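Trainee: build the 3D model from these lines:
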Amino acid sequence: MSIQNKINVAVIGATGYTGLDLILMLSKHPKVKIKYLCATKNLGKKISFFDKRIKKKLPKISSINKINWKETDLVFLSLPNGEAQKIIKQNYYQNVKLKFIDLSADFRISNVKIYEQNYKLKHKAKKLIKDSLYSIPELTKKKINTYRIISNPGCYPTSVQIPLIPLINRKLINTKNITIDSKSGFSGAGKNLTKKFTHKNLYSSIFAYSTKNHRHVCEMEQQLTLFTNKKIDFSFNPHLLPTFRGILTAIYVQTKKGKSGKILRNSLKKFYKKSKFVRILKLNTEIGSGNVLNTNNCEISVCETKVKNKIVIFSAIDNLVKGASGQAIQNMNLLYNFSENLGLK
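Mentor: Numbering: from 1, shown residues only. Okay, here's the model as predicted:
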């Protein structure tokens, strides 16, 4: 940490949607000095060229070759899958004080074979996976500041785990035949959206995709099993919406005998009573993503249905903030013992 009691930060992958949101928030963070903004294209341009919201004078876009790793405390990597692992491996052992927050999937999956099957990539830093921590801050049991590599969770898995894990742990719901239905704004697909999605009327229609083998499923399976010590039987159905940001996830569950929606709601309320970013709404509250856009909040509504013991748990987050850059800053705050909500109010 620098003399001014600020950490020197580099953002690699600065010009994507997640990178820009990250830089916007970091530029206002009182404990951060942004030293490097890196990309492979548009070198020498100001970051405000890509995002007019960023008013602070910051370093111009540069190559990662310009980074002085010895004077850098923390590196955020907002890169396509497969890229962060190479950079971390190259620099992890050179500077024992250097820490990394990876916003890709490179360190999310503990089983290398499962990672390689789902992401169709060879992992180049297998030995470092055990030295990394997958961290949804509200659920991370371990001491985050004992790790140097923090794996930031995926946006869909964040919206699923926050409401689901406490209810499974309290044995309030059946772990069989859970249906998870998620709808996301198109920013979740990144700036190469039109290469990934070619369906008709892309920006004015709803599109269901990857129902059988979405790559976030292995992440959800791993974490649900890890936190609950149970095999969770679920299906996951993602949809792309013609809106820029936001996720609304609906989780259809069967309650255990005698467990009402009120009991589920009160259990979540109790579990998250000290959480700064999780808000449990009143029972049967109608919910959308509107309240959480451009915030690091997760709103949850437990809703009863006309079918006995059938409950829908709705979870709303901003996919670019709580689902990515905001959660990364929340992890950074915990990593350096700052107030958890510093720079995220």
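Trainee: the closest residue to Pro166 other than its chain neighbours: neighbouring residues, count only.
Mentor: Nearest residue to Pro166 in three dimensions, chain neighbours excluded: Phe271, at 4.2 Å (CB to CB, 6 or more residues apart in numbering). All C-beta atoms are positioned from the backbone trio N, CA, C, and that covers glycine. Phe271 has 20 neighbours, counted by other CB atoms under 10 Å.
Trainee: helix or strand: which one has the nearest residue to His29 once chain neighbours are set aside?
Mentor: Using CB to CB, 6+ apart and skipping the chain neighbours, the partner closest in space to His29 is Gly343 (3.6 Å). Using DSSP states H and E, Gly343 sits within no helix or strand.
Trainee: Lys28 is in contact with Gly343, correct?
Mentor: Yes. At 6.1 Å, Gly343 counts as touching Lys28 under the criterion of CB atoms under 8 Å.
Trainee: for Glu340, give me its contacts.
Mentor: Contact partners of Glu340, counting by CB atoms under 8 Å, 6 or more residues apart in numbering, are 137, 276, 330, 333-334.
Trainee: can you select the buried ones from those residues in PyMOL?
Mentor: The PyMOL command for the buried members of those (criterion: 16 or more other CB atoms under 10 Å) is given here:
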select buried, resi 137+276+330+333+334
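Trainee: which two from the contacts of Glu340 end up farthest apart in space?
Mentor: Lys276 and Leu334 (11.3 Å; CB to CB).
Trainee: pLDDT below threshold where in this structure?
Mentor: Scanning the chain for pLDDT under 70 picks out 1-4, 189-197.
Trainee: taking the contacts of Glu340 one by one, which sit in helices?
Mentor: 330, 333-334 (DSSP state H).
Trainee: neighbour count: Gly343 and Lys28, which is higher?
Mentor: Gly343 (20 against 14).
Trainee: how near is Asn284 to Lys259?
Mentor: 16 Å (CB to CB, to the nearest Å).
Trainee: what's in contact with stretch 36-55?
Mentor: Residues contacting stretch 36-55 (CB under 8 Å, 6+ apart): 9-15, 20, 23-24, 27, 58-64, 66-67, 72.
Trainee: out of those residues, which sit inside helices?
Mentor: Counted as lying in helices by DSSP H, out of those, are 20, 23-24.
Trainee: fine by me, thanks again.
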